[in-house]
Every structure is written in C-alpha cells, then in structure tokens.
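1. just the structure for this:
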Amino acid sequence: FLERHVRPVASALEHADGDPERRETGLEMAGALWRFWWVRGYLDEGRGWFRRLLDRGSPDPTRARAAALHGAGVLANLQGDYDDADRRNGEALEIRRALGDDHGAAGSLSNLGNTAFDRGDYPAARRRHEESLALKRARGDLRGAAVSLNNLGNVAHHEGDHDAARRFHEESLAIKEALGDAAGIAASLNNLGNVAVGVRRWDEARERFRQSLEVRRRIGDRHGALVALESLAHVESRVGDREKGVRLFGAASRWHVRIGSRHPRMIEEVHRTRLERLRGEMGEAAFAAAWTDGEGLDEAAALALALG
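-> Alright, predicted model coming up:
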C-alpha cells in the first residue's frame, strides 16, 4: 500500500515540515514510516526526513520525538553511522524512561544493543539485549521477546557459542511462527543458517538461507533479501560453485549501492577477506568476469540465480 503512495506521503511530510505548528505531526508520521524505508531500501530518503524533522522541530521530550529518534537510529545503524545511531537511540531511551514508557525503552535498548553488536562490542550488546528482554517479558510482549532472543542468538554466535546461539534462535523462531510473523521468521531462518555455517553444516546452512530468501522475496523485504543473498553467496563460494558465488557477491554489491546500505563493521572485514581469497583461488580474470556479470543483474535476476 505505502509503495503506491510514496509521493503523497512525501508531500504530507513536506507540508508538515514547512509549518512549525505541524512538525509534531510530521514526527509522528516519520516515526511510523521508518520500517517501510528500511525494508524497501529507502535509507537515504528516510534519514533525510528524520534530519529535517528532528533538527528543525521542537526538542520537547514527547512520544512522537522518541519514536522519530528510534527510527532515525535504526536507519543510521544500517548505514554504518554508529555515532549518530547511538546519539539518536540514547536520546530516545532517555525520553522513554522519563515518560515511563517501558515498551519504547525496550525498543531503544534493542537498538543500542544492535549498534554495539555492529561495532563488535559483544559484551555491551549482550547487556543491552538482556535488559531489553527482561522489560519485554515483564510486559508479556512475545513479539518483542522474540526479537531480543534473536539478537542474543547473534551475539552468542559471534562469540563462538554456537549451541547457545541455536537455542536462542530456535526459541525466537517458535514464537514468530506462533505469531505468524513472516519477516521475523525469515530473519531467524537466516540466523540459523549462520549458526550452521559456524559448525560447518553446509547443506543445512544453504537450505536455511534459501528458505529465508524465499520468504523475504514473497513479502517484498529488499533489505532482508540482500542479507540472504549474500549469505548464499558465502556458502556457494566455499562449498559450491565459486563462479556462482562471485556472481552473487557482485549482484549484492550493486544492490547495496541501490538501497544505500553498508555491511556492519565486523562483517565487512570478513567479507573483504573472503573476496580476496576467492580472487586468489580463481585468478584475477575469472574473478573479474564473474563479478562484472553479477553486477549487471537486476534484483529479480539475482534472486533467480540464488534460488536456481
């Protein structure tokens, strides 16, 4: 629905931004749109609106401002702007705690944990996610608890505790399946694939990534589909068809440019190392040819290649 109404939404935000008396309404609208901007890959556009509305609007600590700060923090983190993400999410947490908004505070804690995770500070990430999970469980928030369990699974995986990671992700997946949360199911499937990679269960990993990609394609989650696509590229390049893996990496690289996203810092180093190893294994000419071919694929063709 929103995809068909991008221009009217932008017009409404423009109108709200131009009228000081309506900027609070603009913050409310933007605070409700961040997930759309994320999933559909409009990261630059979303961050631009948040900057305008937050920086020009009232600094009063309202729920609308906190919601907009929350969205701004998520998009900043997705683009690797960790300082801005921490600043936005930290202010949102302060407002929500002052207002007694435990639901919102739990979300801000999750965001801060995600940024700590992407910086590679796993102890800090775990503390934030555990605090968020406690708030969500106290409120009976199953959907939120599933998100925190997922995040704790990611931390455990990167700390090398694959058994704990699997338990967290399987508990999260069970909740999401009970709730019918398709986007959440896709995320958990992809993360279970990552756990399988960690213990060298390559066939299981490939199947989890494919399942995740299928769901994300079906629900129109462009950012999530990109994550699953690159996950499959890693598996193909290690135990499958190297040329296909490099083509998928090339397609993913162009996809990142199109939607304005970046790898988290700790993943970027792993990604760069893998590509250099592939270049050495295949030779420069073969690597470059496969990469260029992948870069030329549109999103539909890239998905067909990954799932073929």
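
2. what ranges do the helices span in the stretch 201-308 of the chain?
-> Secondary structure of the stretch 201-308 of the chain (DSSP state H, counting those that start in this stretch): helices at 202-219, 222-239, 242-259, 265-282, 284-295, 299-307.

3. quickly, which of those bottoms out on average pLDDT?
-> Lowest mean pLDDT of the helices of the stretch 201-308 of the chain: helix 265-282, a mean of 89.

4. any low-confidence regions in the stretch 1-150 of the chain?
-> 1-12, 15-22 (pLDDT under 70).

5. would you map the helices across it?
-> Under DSSP H, counting those that start in this stretch, the stretch 1-150 of the chain gives helices at 6-18, 23-39, 43-56, 63-78, 82-98, 102-119, 122-139, 142-158.

6. of those, which is nearest A225?
-> Among the helices of the stretch 1-150 of the chain, helix 23-39 comes nearest to A225, with 9.7 Å by CB to CB. All C-beta atoms are positioned from the backbone trio N, CA, C, and that covers glycine.

7. what packs against that closest one?
-> helix 6-18, helix 43-56, helix 63-78, helix 222-239 (3 or more CB pairs under 8 Å, 6 or more residues apart in numbering; DSSP states H and E).

8. what angle do the longest one and helix 202-219 make?
-> When you say that, I think you mean helix 222-239. Orientation of helix 222-239 against helix 202-219 (axes from the mean of the first three to the mean of the last three CA atoms, to 10 degrees) gives an angle of 160 degrees.

9. show me what counts as buried in helix 222-239.
-> Residues 222-238 are the ones in helix 222-239 that count as buried (16 or more other CB atoms under 10 Å).

10. one more: stretch 94-109?
-> Quick answer for stretch 94-109 (16+ other CB under 10 Å): I95, R96, D101, G104, A105, A106, G107, S108, L109.

11. okay, those residues in TSV with distance to A145 next?
-> Formatted as TSV, the buried residues of stretch 94-109 follow (distance: CB to CB, whole Å):
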residue	distance to A145
I95	23
R96	18
D101	17
G104	16
A105	15
A106	9
G107	12
S108	16
L109	13
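
12. nearest to R35, of the residues you listed?
-> G107 (11.6 Å).

13. touching, that closest one and A67? I think so.
-> No: taking contacts as CB atoms under 8 Å, G107 lies outside contact range of A67: 9.2 Å.
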